[in-house]
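Chemist: sequence and computational prediction follow.
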Amino acid sequence: MTPDVFIYDTTLRDGSQREGISYSVEDKLKLAQQLDAFGVHYIEGGWPGSNPKDAAFFERVKSLGLKHAKIAAFGSTLRKNTEPQDDTNLQTLLAAGTPVITLFGKSWDLQVTDVLVTTLEENLAMIQKSVAFMKAHGREVVYDAEHFFDGYRANPGYALATLRAAAEAGADVLVLCDTNGGTLPWEIEDAIRAVRAELSTPIGIHTHEDSGCAVANALAAVRAGAVHVQGTINGYGERVGNANLCSIIPDLQLRMGKSVLPPANLARLTELSRYVAEVANLPPEKHLPYVGSSAFAHKGGVHAAAMLRNPASYQIIDPALVGNQRRTVISELSGRGNLLERSQKLGLDCSGEQAGEMLNQIKELEAQGFSFESAEGSVDVMMHRLQPTYEPPFELIDFVVMVEHRQGRGILTDAMVKVRVGEQVIHTAAEGMGPVSALDTALRKALREVYPDLDPVRLDDYKVRILDSETGTDAVVRVLIDTKDGARRWSTVGASPNIIEASWRAMSDSLEYALLNLNKN
Ligand SMILES: CC(=O)SCCNC(=O)CCNC(=O)[C@H](O)C(C)(C)COP(=O)(O)OP(=O)(O)OC[C@H]1O[C@@H](n2cnc3c(N)ncnc32)[C@H](O)[C@@H]1OP(=O)(O)O
Ligand SMILES: CC(=O)C(=O)O
């Protein structure tokens, strides 16, 4: 199918200009494969003349056997007062052997006089010769008109003349760049309409996020007739970033009705976004539109209640269309609807009086310092405990924790735990590296006899936070524990002015959650 809009991904080139990202060649190759499988039409791999890693990428990408995307090599127009055959940059670009070459050239007179330090005529010649050279070598040429909108504002006649030079030399698409990211959507639309009135070459758009308008500007460009959109996955890019393709693609396809990718591909968008974050070694941004884990999370009680009646009430699309899912967050802002939704997922009854009782408990505990929104394990355990027929897998009778400093022997920690499991009372003791480790070991020792399957359950993360720092060491602390068991991971919470008690609450919830879910997938 010929798309209405071609997607040109520059995650590997402009995306890698984000401070904090440094891809290896392997990373770039893996990302190229995923971008190709997702279905973007172009992948800009880097600047072959820039560094050995980019040069190696272009060499190795040839044997990847990409199925959909065309690989583009990026670089500038030739140096001033040079001929193409003598220009190292153009020669290196050509040697990269890609079907597409993207050349960026200057559109803004200020950039020509103050940065290139040459004449306006020479810049036009540089653009014309560079594009014509690549066309003569049979390449598809994407011409990136750097700072086009700043140039058009300052000297529209000259900015248009630079585009005309590229178009007449045979450029296949003229990409108007908001390089500094300061242009507003209506200025983008006006400029593109003016260019389209003058030139018939297809128009593309490349925007940056400096004024918070990168996505809006890309959409405005398409509204004005652009058919090629450049951006990056998760909006990674120089300074504050490039236009985020994870927003643009669903906006174009689901909200503007443009045909961009097959729907089945779009349903892999969330997976792709998280994969790119993983390879970039950045935490996935929870609040990204469409693909963030909070994008379809409902916290306010009014919202959750309405969502149960009609999912269109508080979300713009069905999250499955972009491979995401709806979540209900439980907190002090919940109403009965939040609990109903969660309990239905667990196959439990949490309506009527039970819901009221649980809501009161949650609001009361949050006032004491608990926070349930990132501790779904504790919420699930609480829901089970409210079921009239629930029998807890274990109940605490006593615990004792001793931390001693002995001269010559350092710090020693012991814990003693007494729990009831069914009719049995089990009493154990253990040493640990610290009080939480000793308690955990003693509790597991007690439970292991009856529940040997608990063995693979492991603490994955332990976070502690002081809630009211004015009270110094008397402050209430909140402990959040992440636990995992193979592929499953869950979080539980405890809070108390005593860090051991807060840890016990989070830890015992975590093990109770594990026992409730042992035989589920
Ligand atoms: C808007 C964008 O994102 S453009 C892409 C920006 N990305 C990067 O710069 C990353 C890769 N860059 C690099 O590895 C290096 O900058 C290189 C290898 C390309 C060049 O390194 P150097 O030769 O040391 O030059 P340096 O980076 O200091 O300066 C840039 C040069 O490019 C020239 N230049 C800039 N834009 C253009 C252009 N469109 N056409 C021709 N020459 C250009 C500048 O005039 C300057 O040359 P000069 O010093 O001879 O006047
Ligand atoms: C080409 C490019 O990256 C820019 O103008 O922002």
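Modeler: Thanks, I have the structure now. Source: prediction; values computed, not measured. Numbers count the residues shown, from 1 in each chain. Ligands and ions are numbered 1, 2, ... in the order given.
Chemist: hey, let's count contacts and neighbours off CA atoms from now on
Modeler: Fine.
Chemist: what about the helices in the stretch 251-400 of the chain?
Modeler: 263-266, 269-280, 301-309, 336-346, 352-368, 376-385 (DSSP state H, counting those that start in this stretch).
Chemist: other SSEs contacting the fifth one?
Modeler: Yep, that's helix 352-368 we're talking about. helix 336-346 (3 or more CA pairs under 8 Å, 6 or more residues apart in numbering; DSSP states H and E).
Chemist: tell me how far Asp86 lies from Leu94.
Modeler: The spacing between Asp86 and Leu94, counted by CA to CA, to the nearest Å, is 13 Å.
Chemist: which of the helices of the stretch 251-400 of the chain sits closest to ligand 2?
Modeler: helix 269-280 (19.1 Å; CA to the nearest ligand atom).
Chemist: which strands or helices does that closest one pack on?
Modeler: helix 25-38.
Chemist: in the helix it packs on, what's buried?
Modeler: Within helix 25-38, the residues that qualify as buried are 25, 28-38, counting by 16 or more other CA atoms under 10 Å.
Chemist: get me the contact residues on the protein for ligand 2.
Modeler: Remark: the part of the chain in contact with ligand 2 comprises 14, 104, 144, 146-147, 177, 179, using CA under 6 Å from any ligand atom.
Chemist: at 5 Å what do you get?
Modeler: Residues of the chain lying close to ligand 2 (CA under 5 Å from any ligand atom) are 146, 177, 179.
Chemist: which of those fall within helices?
Modeler: Among the residues of the chain next to ligand 2, none falls in helices (DSSP state H).
Chemist: wait, what's in contact with the residue of the stretch 251-400 of the chain found nearest ligand 1?
Modeler: Proximity to ligand 1, evaluated over the stretch 251-400 of the chain using CA to the nearest ligand atom, is greatest for Ala280 at 17.5 Å. By CA atoms under 8 Å, 6 or more residues apart in numbering, Ala280 lies in contact with 21-23.
Chemist: in the stretch 401-521 of the chain, which spans are strands?
Modeler: Along the stretch 401-521 of the chain, counting by DSSP state E, counting those that start in this stretch, strands occupy 410-421, 424-431, 458-466, 477-485, 488-496.
Chemist: of the ones you listed, which is nearest Asp114?
Modeler: Of all those, it is strand 458-466 that lies closest to Asp114, at 52.2 Å by CA to CA.
Chemist: other SSEs contacting the closest one?
Modeler: strand 477-485.
Chemist: kindly export the strand it packs on (C-alpha atoms) in CSV.
Modeler: Extracted C-alpha coordinates of strand 477-485, given in CSV (Å, rounded to 0.1, in the frame of the first residue of the first chain):
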residue,chain,number,x,y,z
VAL,A,477,8.9,6.2,56.5
ARG,A,478,7.3,4.5,53.5
VAL,A,479,8.9,1.2,52.3
LEU,A,480,8.1,0.0,48.8
ILE,A,481,9.3,-3.5,47.9
ASP,A,482,9.4,-5.0,44.4
THR,A,483,9.4,-8.8,44.3
LYS,A,484,9.9,-11.1,41.4
ASP,A,485,9.2,-14.7,40.7
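Chemist: picking that back up, by neighbours, which of the residues of the chain next to ligand 2 wins?
Modeler: Cys177 (25 neighbours; other CA atoms under 10 Å).
Chemist: ok, longest helix in the chain?
Modeler: helix 499-517.
Chemist: output the below-cut-off pLDDT ranges for this structure.
Modeler: 519, 521 (pLDDT under 70).
Chemist: mind splitting it into its structural domains?
Modeler: 6-280, 297-368, 395-517 (automatic domain parsing).
Chemist: ok, and which of those domains has the densest surroundings?
Modeler: Mean neighbour count (mean count of other CA atoms under 10 Å) peaks for domain 6-280 among the domains of the chain, with a mean of 20.
Chemist: now find how far off-centre that domain is within its chain.
Modeler: Centroid displacement of domain 6-280 relative to its chain, using CA atoms, centre = their mean, to the nearest Å, is 22 Å.
Chemist: next, the distance between the ends of that domain.
Modeler: End-to-end distance for domain 6-280: 25 Å, by CA to CA.
Chemist: any idea how far the residue lying closest to Lys129 once chain neighbours are set aside lies from ligand 1?
Modeler: Excluding the flanking residues, the one nearest Lys129 by CA to CA, 6 or more residues apart in numbering is Pro84, at 6.9 Å. Pro84 is 11 Å from ligand 1, where distance means CA to the nearest ligand atom, to the nearest Å.
Chemist: Throw the helices of the stretch 251-400 of the chain into JSON lines and include distance to Pro435, thanks.
Modeler: As requested, the helices of the stretch 251-400 of the chain are exported to JSON lines (distance: least, CA to CA, whole Å):
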{"stretch": "helix 263-266", "distance to Pro435": "49"}
{"stretch": "helix 269-280", "distance to Pro435": "34"}
{"stretch": "helix 301-309", "distance to Pro435": "38"}
{"stretch": "helix 336-346", "distance to Pro435": "33"}
{"stretch": "helix 352-368", "distance to Pro435": "23"}
{"stretch": "helix 376-385", "distance to Pro435": "22"}
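Chemist: nearest to Thr389, of the domains of the chain?
Modeler: domain 297-368 (11.3 Å).
Chemist: contacting residues for Ala69?
Modeler: 35-36, 39-43.
Chemist: gap between Met307 and Glu341?
Modeler: Taking CA to CA, one finds Met307 at 9 Å from Glu341.
Chemist: what parts of the stretch 251-400 of the chain come near ligand 1?
Modeler: Counting by CA under 5 Å from any ligand atom, no residue of the stretch 251-400 of the chain sits close to ligand 1.
Chemist: whoops, I mixed them up, the chain
Modeler: Counting by CA under 5 Å from any ligand atom, the chain sits next to ligand 1 at 50, 76-79, 105, 116.
Chemist: secondary structure element for Arg164?
Modeler: Assigned by DSSP states H and E, Arg164 belongs to helix 156-168.
Chemist: about what we covered before: let me know the closest of the residues of the chain next to ligand 2 to Val112.
Modeler: Closest to Val112, out of all of the residues of the chain next to ligand 2 and judged by CA to CA, is Glu146, at 11.1 Å.
Chemist: so what pairs up with that closest one in the strands?
Modeler: As for beta bridges, Glu146 partners with Lys106 under DSSP bridges.
Chemist: what residues are up against it?
Modeler: 104-108, 176-179.
Chemist: between these, which is nearest ligand 2?
Modeler: Closest to ligand 2, out of all of the contacts of Glu146 and judged by CA to the nearest ligand atom, is Thr179, at 3.7 Å.
Chemist: now the closest one: how far from Ser496?
Modeler: Thr179 is 52 Å from Ser496, by CA to CA.
Chemist: for the stretch 201-350 of the chain, what spans make up the strands?
Modeler: In the stretch 201-350 of the chain, the segments counted as strands under DSSP E, counting those that start in this stretch are 203-207, 228-231, 297-298, 327-328.
Chemist: turn the ones you listed into a markdown table, columns for distance to Glu366.
Modeler: Listed next are the strands of the stretch 201-350 of the chain as a markdown table, based on distance: least, CA to CA, whole Å:
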| stretch | distance to Glu366 |
| --- | --- |
| strand 203-207 | 43 |
| strand 228-231 | 42 |
| strand 297-298 | 18 |
| strand 327-328 | 17 |
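Chemist: quick check: which of those strands is nearest to Ser508?
Modeler: So among the strands of the stretch 201-350 of the chain, strand 327-328 is nearest, using CA to CA, at 23.8 Å.
Chemist: against which helices or strands is that closest one packed?
Modeler: Checking 3+ CA pairs under 8 Å, 6+ apart, strand 327-328 ends up next to strand 297-298, helix 336-346.
Chemist: how about those in TSV, adding distance to Lys463?
Modeler: Formatted as TSV, the helices and strands packed on strand 327-328 follow (distance: least, CA to CA, whole Å):
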stretch	distance to Lys463
strand 297-298	23
helix 336-346	25
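Chemist: of all the ones you listed, which one is nearest Thr270?
Modeler: strand 297-298 (14.5 Å).
Chemist: partner strands of the closest one, parallel or antiparallel?
Modeler: When DSSP bridges is applied, strand 297-298 pairs with strand 327-328 (parallel).
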